[in-house]
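J.: curious how this folds, go ahead:
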Amino acid sequence: MVISNVPQQVLGVIPARLASTRFPAKALAPLHGKPILQHVWERASKARYLQHLLIATDDDTIATVARKFGAQVRMTSPDHPSGTDRVAEAASAYPHELVVNIQGDEPLIDPAAIDAAVLALLDDDEAPMGTLAKRIEDVSEITNPNAVKVVMGRDGRALYFSRSPIPYDRGGGAVYFKHIGLYVYRREFLLEYPSLPVGPLEQVEKLEQLRALENGYKIKVAETEYESLGVDTPEDLARVEQLFGTRGVWPSTSS
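T.: Numbering: from 1, shown residues only. Next up is the predicted model:
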């Protein structure tokens, strides 16, 4: 569906691979009768601002399963060090001006969150990259290094991402935001991204998005109510199963 107030064509790419240290073949793990990847595909397909959606993979098994549930598949190199590199290769074959990198292990992805990230980038002509952040409500996440924090300036652009609590709350009353790992790129920037030099901050934090900041690029951040819940382990999958069983339907939030 093409939206009249979104002039750029938007491509959604779901990178998927079979290898995973903590949860091998998690993309194909069954969740209420469907592979996790299929849930992601079906949810992302509901985003209003995606004109095209595909799955990028280097694995024939994933490709076969994806095609069976109706997804378009783009085969990519097996040598990519990250999902962003895989997305960049897939996007290079398409003319779309904006590209959304949709994590293949988030079966609860909110289509409205995808739309919010797209609109945020469209609202900032100087930023080549956009993402999402959610206000932290669970205080334990502030000190949890697996919950990446982000601080923004008044213009809504990222100042820094860190696994540490930022900002430092010296006087009390600080507001903390958790980074949600959904990215929107302008095509030219995405194709250049894999070749950008890795800086010392990315090396020590192990956060790929810092590469943009360290090389002088702006990242637009949109606030969302979407609570990201990725499946990294079998225990994570059990939590998602329980959430579905409790509610009976997939949760939906507004962004």
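
J.: alpha carbons only for contacts and neighbour counts from here, please
T.: OK.

J.: poorly predicted segments of the chain, please.
T.: The model of the chain has pLDDT under 70 over residues 1-8, 21, 245-255.

J.: show me the residue at the heart of it, geometrically.
T.: Nearest residue to the geometric centre of the chain (CA atoms, centre = their mean): residue 182, 2.2 Å.

J.: measure that one to residue 203 for me?
T.: Separation of residue 182 from residue 203 (CA to CA, to the nearest Å): 21 Å.

J.: what's the answer for residue 164, then?
T.: Taken as CA to CA, the span from residue 164 to residue 203 is 15 Å.

J.: give the residue from the two that has the larger number of neighbours.
T.: Legend: neighbour count by other CA atoms under 10 Å for residue 164 and residue 203, higher for residue 164 (17 against 12).

J.: got the contact list for the residue of the chain positioned farthest from its centre?
T.: Using CA atoms, centre = their mean, the residue of the chain lying farthest from its centre is residue 171. It sits 33.2 Å away. Listed by CA atoms under 8 Å, 6 or more residues apart in numbering, residue 171 has no contact partners.

J.: for it, helix, strand, or coil?
T.: coil (DSSP: H, G, I helix; E, B strand; the rest coil).

J.: ditto for residue 84
T.: Applying three-state DSSP: residue 84 is helix.

J.: now do the contacts for it.
T.: 101, 194.

J.: can you check the one 5 residues further on too?
T.: Counting by CA under 8 Å, 6+ apart, residue 89 makes contact with 76, 191.

J.: where's it relative to residue 16, distance?
T.: 13 Å.

J.: before we move on, what about residue 94?
T.: 18 Å.
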